[in-house]
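1. Test case, fold it:
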Amino acid sequence: MEEANCQGNVGGCVMGTGSFGGGSGSVGGGGSGSGSKGHGGTSNGAGSDGGGGAKGSLLRAIEGLREITRRLTADPDQGRLTRVINELLRDRGRATFFSDMLTDGFANALLGDLLAIGARLRAGEGWAQIAQSFGVDAGLGSMQALCDACIDQALRARAYQVDDRYIESASAAFREFMVASVGGDRILATRGDVAQVDAAIDRNVFANAIGGFLGDLIGQVLQAESYVDLGAATPAVQQASNTLAIAIYDRFDAKFVQKGKAERRDALRVIGENYFALVTAS
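-> Coordinates of the predicted model:
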């Protein structure tokens with residue numbers, strides 16, 4: 001189990017890291033090729049010829065996002081949602097984006113931190129010790145401060161040269177995982193003290209850190225591609241994402257870990273490199 005790789009610099013929350021507020025916002029995950037949030041396909045090129053074609057492309061893109069939203073919110077049946085999500089992840093542009101994000105070092109660094117926190121919890125450490133090991137003051141709001149520190153450290157280690165869409169999705173997934181570890185209590189995750197975190201934190205959540213984080217990544221990508229907020233459908237979509245993530249991890253474990261070809265901490269990279277064999281296998 002790898003050691004924590006966050007050190008100090010609690011105040012270094014950077015662009016795209018957000019807070020425990022829920023969805024990550026639009027990240028252009030469907031293979032838009034933007035490379036940067038907020039740089040979608042619309043340009044204010046006044047006087048440009050061919051505006052009708054650009055407008056038509058934009059309308060088609062919007063209609064595509066509406067269709068994704070419709071498919072995700074039409075029926076909460078878990079079997080149907082899991083099949084829909086699997087189909088969405090097969091789309092060429094989305095598959096490229098998601099596999100690239102999984103192999104990118106930023107998401108893997110955040111997974112490493114989750115594995116390190118889980119190892120410390122299993123070793124009997126309390127939240128104060130864990131927070132301090134990440135260079136975070138164990139006071140009010142220490143869980144949010146730890147998230148800020150881990151995200152910033154992962155970015156600084158890469159000289160902040162990370163696709164903004166990866167930052168949005170992976171950071172939001174990391175925070176969602178931490179919220180889930182305290183029973184989904186966002187207020188506690190944001191402002192709770194050490195005693196409250198110690199009383200609420202569920203070590204079992206960290207026992208499935210890889211599958212849980214992967215499920216949150218899938219959920220964030222789907223929410224970001226939805227034309228409107230998924231609203232009441234969000235829990236069902238996330239549950240289906242988690243179910244799919246478990247199946248993906250089981251394939252990774254059977255094909256790579258049990259055969260000595262990879263270690264657990266390499267999960268995201270290996271899954272990304274073997275995307276169609278592990279993520280969208282029938």
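2. buried sites along stretch 140-149?
-> 141-149 (16 or more other C-beta atoms under 10 Å). The way it works is simple: take the backbone N, C-alpha and C, and place the C-beta from them, glycine included.
3. Check which element follows the worst-scoring helix or strand of the chain on mean pLDDT along the chain.
-> Using mean pLDDT, DSSP states H and E, helix 51-73 stands out as the lowest-scoring helix or strand of the chain, at a mean of 57. Note on helix 51-73: by DSSP states H and E, the next helix or strand toward the C-terminus is helix 78-90.
4. who does that following helix touch, helix- and strand-wise?
-> Judged by 3 or more C-beta pairs under 8 Å, 6 or more residues apart in numbering; DSSP states H and E, the packing partners of helix 78-90 are helix 51-73, helix 92-103, helix 209-225, helix 234-252.
5. List the buried residues for it?
-> Buried, per 16+ other C-beta under 10 Å, within helix 78-90: 81-82, 84-86, 88-89.
6. now it and helix 234-252, what's the angle there?
-> 70 degrees (axes from the mean of the first three to the mean of the last three C-alpha atoms, to 10 degrees).
7. I'd like the average pLDDT over helix 78-90.
-> Mean pLDDT, helix 78-90: 77.
8. between it and helix 209-225, how big is the angle?
-> Using the same axes, to 10 degrees: helix 78-90 against helix 209-225 is 80 degrees.
9. would you put the C-alpha positions of helix 78-90 in CSV?
-> The C-alpha trace of helix 78-90 is given here as CSV (Å, rounded to 0.1, in the frame of the first residue of the first chain):
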residue,chain,number,x,y,z
GLN,A,78,-30.7,-0.3,-12.2
GLY,A,79,-30.4,-2.9,-14.8
ARG,A,80,-31.4,-0.5,-17.5
LEU,A,81,-29.2,2.3,-16.2
THR,A,82,-26.2,0.0,-16.0
ARG,A,83,-26.7,-1.0,-19.7
VAL,A,84,-27.1,2.7,-20.7
ILE,A,85,-24.0,3.8,-18.9
ASN,A,86,-22.0,0.9,-20.5
GLU,A,87,-23.2,2.0,-23.9
LEU,A,88,-22.3,5.6,-23.3
LEU,A,89,-18.8,4.6,-22.2
ARG,A,90,-18.4,2.8,-25.6
